[in-house]
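Colleague: Sequence and predicted model, in that order:
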Amino acid sequence: MSPQSTVVLEVFGEGRTDLGKASAPDPPSSGVVPILVHTLCGRPQQMRVVRKAYQFLQGKGLWQKVWFAKREARYHGSAGAVFVMDSEGGPKESADKRKQLEKGRDHELPDFPMAVGVAHPCIEAWLLADGKAIQKAFALPQVPQVPPEPEEFPAPCRDKGSNPKALLARAAGLQRLLSAEEKDGIARAMNDMDLVCERCPEGFAPFAAEVKTHIRPLF
Amino acid sequence: MYLSRFRVKNYKCLADVDIPLTPIHVLIGPNDAGKTSVLEAIAALHNSSELPLPELFPKPWAGRELVFHGDSTGIVELFGEWGAAGSGEAQAAETTLGYRLAVSFPSAKPQCLVEREEVVREGSEEQIRQSAERPVTFLHDWRSGAIPRRDWPVRGGEGIVDLVTACQKYCLHPRLMALPATVDLARRLRLDADGFGLATLLQDILGHDPDLFLNLRDQFCALFPQFGKVRIESARAFERKRTNDLTETWEPGLGLAIRLETRDGQTVRAEQASDGAILMLGFLALAHLPDPPRLLLIEEPENGIYPKWLGEVIKLLKQMVYRTEGRPFPQIILTTHSPYVLSFFEPEEVTFLSRDPQKPEAGVRARPLRDAPNIRERLAGGEFYLGELWYNLSEEELFGEPAEHGGPGGLRRGED
């Protein structure tokens, strides 16, 4: 593949699980968000991801961080941007955050492709939606039982025992929380995006629609 | 006129650094990027007219330790160019004046000598002394009266004598500033480089002009409303004595101490006051110097200051630089690691120092932020601050360079 055909996306998120390893080769195989964006775009070979932490701004809100991210992605010559965060709360927090993300995305540069998303209550809920992917990633003898509505569980900070992170570990048959690499493995094994949309209508479905609308046409 | 350009060759990590300066200017960059070395070199150039060369550079050093490691000549070159403050026709009509000092460091001796001295006017260079092999400059001799006034060696350019004057360089430590200090005539109307001597400086300001001191006090009490008065009292104090290049002793003596009086009549020793209060008092004292130096060099003014008050500090410093009446204004050059400080400045007032990641041994490079592509547009009409751009973007992103492996950006936060 010639370097000219490479399409660079800037992905904004938090931590190793969401973003993945900086040095991961193209196309993205590390980080839940880059892997899922890659899958939602039809796994194009020319996708390259630049991973970035949220901005530190002085006395500004979330929507301005999204605006800043979009502006800078354009100044850097990237083809598009993706901005994802956990809601870490209930439906109200999730809706508030989505509103902020959309405000930032829509503030200017309407022609610059940007997808925003809120993982509710955390990104592990999306992984928990696909039992077959968990089975494949951990070479389990059978498909583990997973909740039909993983987004209904509270955030880890609100319930230590029954949250998507803890449930994901149980589904994988582990007594400990999953490592980032193990979550990458599940994300890579996720093929049925429609199923995840169906089971995660609060966070993943609108995010998938954003990616398909704004990012997929780049490939 | 102010120092509008400074160039240094072969000093420490600065192989060849050329910086356009503004009346107030900020140097930013990562650790070990040469910010302090630039201030040292600027101070050396300015102080060369009043001090012997071996006294210009921070001790200890010997032989060619201060010379850039890749250099074989053993010569450090310092060049300053002074231009008119302001803008427009007046500035354009004013010619710039430059002064170049080349200092040779013979190996294996703690000695340095004048190699060459030049005045630069309208682009042409005229030597005023060459290979003098003396440890003092021609300007030093001229200023001290050792050279008769009629013997200025070149046509024109005498104005340089008024421009290359001693500057003050500070890296303030509040605990030292708070100490009672004995009176030292050599420190009159100034602080030691680390801030020691604030009590005597305040007394000097009070003795020079009581109204100036009252104004200083009122500004301090407005910032710290729990205090109603700042007093200077006789007290047992410290006298700093340098014993050699490496060590110093503190000897007891009678001197002056700072006392802060609360609104309910309690007295607080400066040693018991907060670091932030003492630092603010120090900055206010510098802002109220009756006869400030032409150039003030300040390292990391943010240290110890509540972030929300950094604006007050920068406002004070800018008022000093841009005031149009009363006391003469100094030029101020700062270093900072604080995005909050940087956010109070314009791109033209900032230079980014760094090492080329591909050739870190090649010395430091200086990149004016005004040269960063789209820098004004990126600030979105003031919606975003310069400090935010600096903190959130890599140097490659800021200066619009492709990263090593293609695509945008280079170093990024939050990566493993």
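Modeller: Perfect, I can see it now.
Colleague: who's the residue of chain A found nearest chain B bridged to?
Modeller: Here the residue of chain A nearest chain B is A:Ala53; by CB to the nearest CB that distance is 2.7 Å. (Glycine included, C-beta is placed from N, CA and C.) Counting by DSSP bridges, A:Ala53 is bridged to A:Gly13.
Colleague: burial count for it?
Modeller: Residues near A:Ala53, counting by other CB atoms under 10 Å in any protein chain shown, number 16.
Colleague: Spell out which residues of chain A are next to chain B.
Modeller: A:3, A:6, A:8, A:10, A:14-16, A:19, A:21-22, A:48, A:50-58, A:64, A:68, A:71-73, A:75-78 (CB under 8 Å from any CB of the partner chain).
Colleague: Got a ChimeraX select line for the buried ones in the residues you listed?
Modeller: Per 16 or more other CB atoms under 10 Å in any protein chain shown, the buried members of the residues of chain A next to chain B correspond to this ChimeraX selection:
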select /A:6,8,10,16,19,21,22,48,50,51,52,53,54,55,57,64,68,71,72,73,75,76,78
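Colleague: Among the residues of chain A next to chain B, which lie within helices?
Modeller: Counting by DSSP state H, the part of the residues of chain A next to chain B found in helices is A:15-16, A:19, A:64, A:68, A:71-73, A:75.
Colleague: before we move on, which element is the residue positioned nearest the centre of chain A in?
Modeller: Centroid-nearest residue in chain A, with CA atoms, centre = their mean: A:Val33, separated by 3.1 Å. Per DSSP states H and E: A:Val33 is located in helix A:32-40.
Colleague: Identify the residues contacting the residue nearest to the centre of chain A.
Modeller: Residues near A:Val33 by CB atoms under 8 Å, 6 or more residues apart in numbering or on different chains: A:11, A:13, A:18-20, A:82, A:84, A:123.
Colleague: want to throw those residues into JSON lines with pLDDT?
Modeller: Converted to JSON lines, the contacts of A:Val33 look like this (pLDDT from 0 to 100):
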{"residue": "A:Val11", "pLDDT": "96"}
{"residue": "A:Gly13", "pLDDT": "95"}
{"residue": "A:Asp18", "pLDDT": "95"}
{"residue": "A:Leu19", "pLDDT": "95"}
{"residue": "A:Gly20", "pLDDT": "94"}
{"residue": "A:Val82", "pLDDT": "98"}
{"residue": "A:Val84", "pLDDT": "97"}
{"residue": "A:Ile123", "pLDDT": "96"}
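Colleague: from the residues you listed, which single one is nearest B:Lys169?
Modeller: Closest approach between the contacts of A:Val33 and B:Lys169, by CB to CB: A:Leu19, at 42.9 Å.
Colleague: pLDDT at the residue nearest to the closest one when sequence neighbours are not counted, what is it?
Modeller: Leaving out its chain neighbours, the residue that sits closest to A:Leu19 by CB to CB, 6 or more residues apart in numbering or on different chains is A:Arg51, at 4.2 Å. The model reports A:Arg51 with a pLDDT of 95.
Colleague: Going by secondary structure, the most centrally placed residue in chain B is in what exactly?
Modeller: Centroid-nearest residue in chain B: B:Leu297, 1.2 Å away (criterion: CA atoms, centre = their mean). Using DSSP H and E, B:Leu297 sits within strand B:295-299.
Colleague: from the ones in helices among the residues of chain A next to chain B, which single one is nearest A:Asp194?
Modeller: A:Leu19 (25.1 Å).
Colleague: surely that closest one meets A:Pro34?
Modeller: Yes - taking contacts as CB atoms under 8 Å, A:Leu19 lies within contact range of A:Pro34: 7.2 Å.
Colleague: can you list residues touching both of the two?
Modeller: With CB under 8 Å, 6+ apart as the test, A:Leu19 and A:Pro34 both reach A:11, A:51.
Colleague: quick one: secondary structure of the closest residue to A:Val84 other than its chain neighbours?
Modeller: Once flanking residues are discounted, A:Val84 sits nearest to A:Gly117: 4.5 Å by CB to CB, 6+ apart. Secondary structure state of A:Gly117, per DSSP: H, G, I helix; E, B strand; the rest coil, is strand.
Colleague: What of B:Glu65?
Modeller: Assignment for B:Glu65 (three-state DSSP): coil.
Colleague: Please name every helix or strand in contact with the lengthiest helix in chain A.
Modeller: Taking DSSP H as the criterion, chain A has its longest helix at helix A:91-106. With contacts defined as 3 or more CB pairs under 8 Å, 6 or more residues apart in numbering or on different chains; DSSP states H and E, the packing partners of helix A:91-106 are helix A:62-75, strand A:80-86, strand A:114-119.
Colleague: ok, then the element right after the last one?
Modeller: When you say that, I think you mean strand A:114-119. Next element after strand A:114-119 (DSSP H and E): helix A:124-128.
Colleague: distance between that following helix and the chain's centre?
Modeller: Its chain's C-alpha centre and that of helix A:124-128 lie 10 Å apart, by CA atoms, centre = their mean, to the nearest Å.
Colleague: Give me the helices and strands touching that helix, please.
Modeller: Partner elements for helix A:124-128 (3+ CB pairs under 8 Å, 6+ apart): helix A:32-40, helix A:131-138, helix A:164-171, helix A:180-189.
Colleague: Show me which positions of the longest one end up buried.
Modeller: Within helix A:180-189, the residues scored as buried using 16+ other CB under 10 Å are A:180, A:182-189.
Colleague: and that helix, average pLDDT?
Modeller: Mean predicted confidence for helix A:180-189 is 97.
Colleague: can you list the residues that contact that helix?
Modeller: Under CB under 8 Å, 6+ apart, the answer for helix A:180-189 is A:15-17, A:20, A:29-32, A:35-36, A:39, A:124, A:127, A:130, A:132-134, A:136-138, A:168, A:172, A:178.
Colleague: that older thread, just want the angle from the longest helix of chain A to strand A:80-86.
Modeller: If you take axes from the mean of the first three to the mean of the last three CA atoms, to 10 degrees, helix A:91-106 sits at 160 degrees to strand A:80-86.
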